[in-house]
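>>> Curious how this folds, go ahead:
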Amino acid sequence: MRIPLEKAKRLLAILWFGMGLVLFMVMVGQSFGYYGDRSREAWDWFLPNVVPTLTLIIGVLVSDAQGKSDRAGDVDRFIFRLALGLSAIYLAAVALTVFVVPFISEAKPLQLMKTSNTYLVPLQGLVSAALGAFFVNKR
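From the prediction side, this is the model:
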């Protein structure tokens, strides 16, 4: 089964930008006091975990808006669901690290961020692969 490409792109963008905005706002709030004079380290962890994928999605949307890419057609529903599901799992893992785990763990927040890369890096790789498959799998 297939799904309209335009709809699939829109849903992925809504997920990434919606969750990205929430995480960004939480990070801004936590920068005032929670991380103290080490907030730069928290941002150095956060930005590489979210910005590359947001940049990819913006690039695709801008290319569509300028008529430089194929907006018509459809994509395999399984590939889309895989990309959407892995994205949701990845963003939930980032969210847990940012605003849940620090309040239920005795470890220091910046140490938790460093430790979280153990599971976030492989997840990010899977998300990138799924998004890559999604963006090239069209008819």
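
>>> so what's the closest residue to Y34 other than its chain neighbours up against?
Nearest residue to Y34, sequence neighbours excluded (CB to CB, 6 or more residues apart in numbering): P109, at 7.0 Å. Bear in mind the C-beta positions are built from the backbone N, C-alpha and C, glycine included. Residues in contact with P109, defined by CB atoms under 8 Å, 6 or more residues apart in numbering, are 30, 34-35, 42, 102.

>>> Could you double-check that Q30 sits in contact with W45?
No: the pair Q30 / W45 is not scored as a contact, 11.8 Å apart, by CB atoms under 8 Å.

>>> quick one, which of the two is more surrounded?
Neighbour count, other CB atoms under 10 Å: between Q30 and W45, W45 has more, with 21 against 17.

>>> Which residue comes closest to that one once chain neighbours are left out?
In space, W45 is closest to M113, 4.3 Å off (CB to CB, 6+ apart).

>>> Give the buried residues for the one helix or strand the one you found maps to.
According to DSSP states H and E, M113 maps onto helix 109-136. By 16 or more other CB atoms under 10 Å, the buried positions in helix 109-136 come out as 109-110, 112-113, 116, 120, 123-124, 127-128, 130-131, 133-135.

>>> R77: which of those residues is nearest?
Proximity of the buried residues of helix 109-136 to R77 (CB to CB) peaks at F134, which lies at 10.7 Å.

>>> so what's A42 up against?
In this structure, A42 makes contact with 27, 30-31, 35, 109-110, 113, judged by CB under 8 Å, 6+ apart.

>>> please redo it, this time with the cut-off set to 7 Å
The contact partners of A42, taken as CB atoms under 7 Å, 6 or more residues apart in numbering, are 27, 31, 35, 110, 113.

>>> and the fourth one, how far is that from R81?
Plainly put, L110 is 35 Å away from R81 if you go by CB to CB, to the nearest Å.

>>> what does the third one give?
In this structure, Y35 lies at 36 Å from R81, with CB to CB as the measure.

>>> before we move on, what about the first one?
As judged by CB to CB, M27 and R81 stand 29 Å apart.
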